[in-house]
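K.L.:
The following block contains a protein sequence and its predicted model.
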Amino acid sequence: MNILIRVDSSNAIGSGHVMRCLTLADALREKGCTCQFVCRNHPGNLSALIQEKGYRVTLLPLQEFQVEPYPHHASWVGVDWQTDAKETGALIATLETPPDWLVVDHYGLDALWETSLRPAVGHIFVIDDLADRPHDCDLLLDQNLVANRALRYVGKVPKHAGLILGPEYALLQPQYADLHLRVPPREGPVRRVLVFFGGADADNLTGRVIAAFLSLKIESVVLEVVINPDSAHAASIRNQVFGNGQIILHERLASLAPVIVRADLAIGAGGATSWERCCLGLPALVITLAENQKPIAEEMQQENLIHWLGHKNEVSEMILVEVMQKLFSAGLPPDWSLSCLNRVDGHGAERVTSFLLLNAQTALKARLARLDDEDLILQWANDPLVRENAFTPDPIKLGTHQSWYRTRLRELDQCRFYIVETLAGFPVGQVRFERSGEAWEIHYGLDARARGRKLGKPLLRAAIFALRSSINEAPLFGRVKGSNISSCRVFEGLGFAREDAGEGAELVVYRSLL
């Protein structure tokens, strides 16, 4: 596949968007994809790093423009959205093969931009954290832990779009998954502290933490401070720590992982680094730098993943002194680090890549459904587009689903329930065969994140093959709404015969005697 990634970094934007897109690009390249980047030439951009990683980068020029009030981060684009879309489209037109996926990771771009480029690309994948604007996409990733996250994008994405939500999909470098299994949980005395507030840190929270630490005069603790050498406060931080043997200063690290592994505690912001810290079991004191970080920090504190000190304008040097003094004296409670380790396993990039690479040629297998599939099947069943095409459109309640599903698992002679997966065990949908007299009625559904890849036929074919291993000659049939064109095509493509239900009939029946 060919992948085009539109993402920016700058002294104002920071480095997090580019870093997670590089992680995704590395995972896709490992699977044989070709990735290239489109970035605007903002001050402090990371285009050199992207090139060092072996990717082609097209740098778009900055221009003077009238900033629109919406989206909230429109100024981060560097031009108006129409110009950005036109320039990105012009680049796409020069490519030998149009991108299979256009990846967009930018707070300043929304559905207007995406819709204008849709004719030029195969599919659109949006990476977002804000849920503050509409998107025209096929897939959307929000890797954050936020209350009611399943509802955040209702009405903000097309009905067909699949949502990839939660920190289990956090885009972390491969070494994090390996280290996750090797790093023991922290507890007891704090001896080494990581301080990192992202690539921008415009308010110099780093300097504030260093000042608080120095005032404590505690000789048993070492501070490891990570900064962006291009930061506006880099020179003052260098002066602040000069000659102090207890403070180690790092500039432009390739990865935070080694520093996280060494540390007992982190002090930092609430951005993407949260999931790197969690994956390696590192407790953290968090100061939020942006409004969108607040609900994430609140939910993380609820799950005992961080101690949220407050927003950047609320946390004084005195508060930092008090909190550090107390924690350095009491030590770390044993459950804090374990909570972090249990929340993120580091395989998020692998999971996201699996969704992007699905296509009609993906090899699939079917296995019988298990009790631990219950939540996944309810999630599939309550997808808005599934409910729209169902005979009963109302959402299914948890209690109703549990009773129905557990009954089906016990009715071995009346129901054969299959989960269809990739060969690597990645679930893409379900097929259920319900006995009706001598025949079996087919019910099936795709994961919303697998739509648009022509997987309907392979999904049914894999399940029918599994059914035939135990039931050889029973006839099969499916009932479909006549308006559900895609399902009609799936049955017809598998050789099922369509029964004429009469003019104006809402339902269409497809039968196979094989």
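P.N.:
On my side now, so go ahead. Note that the structure is predicted; figures quoted are calculated from it, not measured.
K.L.:
Identify each buried residue in the lowest-mean-pLDDT helix or strand in the chain, please.
P.N.:
Here the helix or strand of the chain ranked lowest by mean pLDDT, DSSP states H and E is helix 384-389, holding a mean of 84. Residues of helix 384-389 classed as buried: Leu385, Val386, Asn389 (neighbour count, 16 or more other Cβ atoms under 10 Å). Any C-beta I mention is one placed from the backbone N, CA and C, and that applies to glycine too.
K.L.:
Tell me where the stretch 1-150 of the chain has strands.
P.N.:
With DSSP state E, counting those that start in this stretch as the criterion, the stretch 1-150 of the chain has strands at 2-7, 34-40, 56-60, 101-105, 123-127, 139-142.
K.L.:
want to throw those into TSV with mean pLDDT?
P.N.:
Shown next, in TSV, are the strands of the stretch 1-150 of the chain (pLDDT from 0 to 100):
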stretch	mean pLDDT
strand 2-7	98
strand 34-40	98
strand 56-60	98
strand 101-105	98
strand 123-127	98
strand 139-142	98
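K.L.:
Residue ranges in the stretch 151-300 of the chain under the pLDDT threshold?
P.N.:
Within the stretch 151-300 of the chain, not a single segment meets pLDDT under 70.
K.L.:
So Pro258 versus Tyr176, what's the distance?
P.N.:
According to Cβ to Cβ, to the nearest Å, Pro258 and Tyr176 sit 11 Å apart.
K.L.:
Between these two, point out the one with more neighbours.
P.N.:
Tyr176 (26 against 14; other Cβ atoms under 10 Å).
K.L.:
my read: that one touches Ala257, true?
P.N.:
Yes: with contact defined as Cβ atoms under 8 Å, Tyr176 and Ala257 form a contacting pair (6.2 Å).
K.L.:
who touches both of these two?
P.N.:
Shared contacts of Tyr176 and Ala257, defined by Cβ atoms under 8 Å, 6 or more residues apart in numbering, are found at Glu276, Leu280.
K.L.:
Show the contacting residues for Ile218.
P.N.:
Counted by Cβ under 8 Å, 6+ apart, Ile218 has contacts Phe328.
K.L.:
what about the helices in the stretch 301-450 of the chain?
P.N.:
317-330, 334-343, 348-357, 374-381, 384-389, 398-410 (DSSP state H, counting those that start in this stretch).
K.L.:
what's the fifth one in contact with?
P.N.:
With Cβ under 8 Å, 6+ apart as the contact definition, helix 384-389 has outside contacts at 159-160, 380-381, 393-395, 445, 448, 451, 481, 483-484, 487.
K.L.:
redo that, cut-off 10 Å
P.N.:
154, 158-162, 379-381, 383, 393-396, 445-446, 448, 451, 480-481, 483-484, 486-487 (Cβ atoms under 10 Å, 6 or more residues apart in numbering).
K.L.:
Any of those residues buried? List them.
P.N.:
Buried, going by 16+ other Cβ under 10 Å: Ala161, Gly162, Trp380, Ala381, Asp383, Ile396, Gly445, Leu446, Ala448, Arg451, Val480, Ser487, out of those.
K.L.:
which of those sit farthest apart?
P.N.:
Maximum pairwise distance among those (Cβ to Cβ): 22.4 Å, between Ala161 and Val480.
K.L.:
Leu357 against Cys33, yeah?
P.N.:
Yes: counting by Cβ atoms under 10 Å, Cys33 is a contact partner of Leu357 at 7.7 Å.
K.L.:
what residues do those two have in common as contacts?
P.N.:
Residues touching both Leu357 and Cys33 by Cβ under 10 Å, 6+ apart: Met1, Ala27, Asp100, Trp101.
K.L.:
Closest one of the residues you listed to Ser469?
P.N.:
Met1 (32.9 Å).
K.L.:
Show the pLDDT at that closest one.
P.N.:
We note a pLDDT of 94 for Met1 in this prediction.
K.L.:
got a list of what the spatially closest residue to it that is not a sequence neighbour touches?
P.N.:
Leaving aside its sequence neighbours, Met1 sits nearest to Asp100 (Cβ to Cβ, 6 or more residues apart in numbering; 4.1 Å). Residues near Asp100 by Cβ under 10 Å, 6+ apart: Met1, Asn2, Ile3, Leu4, Cys33, Thr34, Val121, Gly122, His123, Leu356, Leu357, Asn359.
K.L.:
From the residues you listed, list the buried ones, please.
P.N.:
For the contacts of Asp100, buried by 16+ other Cβ under 10 Å: Met1, Asn2, Ile3, Leu4, Cys33, Thr34, Val121, Gly122, His123, Leu356, Leu357.
K.L.:
who touches the last one in this structure?
P.N.:
Pointing back at Leu357 there. Neighbours of Leu357 in contact, by Cβ under 10 Å, 6+ apart: Met1, Ala27, Leu28, Lys31, Gly32, Cys33, Asp100, Trp101, Thr422, Phe426, Arg453.
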